[in-house]
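Q: Sequence first, predicted model second:
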Amino acid sequence: MPKASSQRDRAHARIYAEWLHLPAWRRMSPHARALLVETMTAYRPRTGNHFEWSERSAARALGCGRKSAAKALRQLVICGWFSLERAGRTNGPRDTRASVYSLTMFGTETDNTPSKEFLNWDFVVSKDTTNGLF
């Protein structure tokens, strides 16, 4: 990890107190919360809002199994914290195999306005919740 050039450039994740009371925060697993913090810490405005997460890399970062990491990634997308920019695949060039996500609290290169979908997300019993996702 490169050394921070100033106090302002040091790696950090800012989680607002109001977020802790949102259904999108409360319904997430601890693994999903940890992965969200990990991703927010890696965000830098000048390098862009795109993060490659494969099940393996997420599992390595969280110290858990691939199934738990995959579940955490799905939860972050469903709850509106992540937006899936490019779905991963199992074959092809290695550099395109991991899925690419963006944080919805920040703008992207194509749309500079943050969507903040997590603010309006509400838990609804659906087919996603019946398969053990939550």
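A: Done, it's in. Everything numeric in this text was worked out from a predicted model, so none of it was measured. Residues are numbered from 1 along each chain as shown.
Q: Tell me if residue 56 really is in a helix.
A: Yes. Counting by DSSP: H, G, I helix; E, B strand; the rest coil, residue 56 is found in a helix.
Q: Pull the contacting residues for it.
A: 66, 69 (C-beta atoms under 8 Å, 6 or more residues apart in numbering). Heads up, the C-betas are built off the backbone N, CA and C, glycines and all.
Q: Residue 100 pairs with what?
A: On the basis of DSSP bridges, residue 100 takes part in beta bridges with residue 52, residue 86.
Q: Dump the helix or strand harbouring residue 32 to PDB, keeping only the CA atoms.
A: Assessed by DSSP states H and E, residue 32 sits inside helix 30-42. Only the C-alpha atoms of helix 30-42 are listed here, as PDB (Å, rounded to 0.1, in the frame of the first residue of the first chain):
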ATOM      1  CA  PRO A  30     -21.000  -9.100   9.800                       C
ATOM      2  CA  HIS A  31     -19.100 -10.300   6.700                       C
ATOM      3  CA  ALA A  32     -21.000  -7.900   4.500                       C
ATOM      4  CA  ARG A  33     -20.300  -5.000   6.900                       C
ATOM      5  CA  ALA A  34     -16.600  -5.900   7.000                       C
ATOM      6  CA  LEU A  35     -16.400  -6.000   3.300                       C
ATOM      7  CA  LEU A  36     -18.200  -2.700   3.000                       C
ATOM      8  CA  VAL A  37     -15.700  -1.100   5.400                       C
ATOM      9  CA  GLU A  38     -12.800  -2.700   3.500                       C
ATOM     10  CA  THR A  39     -14.000  -1.300   0.200                       C
ATOM     11  CA  MET A  40     -14.700   2.100   1.600                       C
ATOM     12  CA  THR A  41     -11.200   2.300   3.100                       C
ATOM     13  CA  ALA A  42      -9.800   1.500  -0.400                       C
END
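Q: For it, buried residues please.
A: 31, 32, 33, 34, 35, 36, 39, 40 (16 or more other C-beta atoms under 10 Å).
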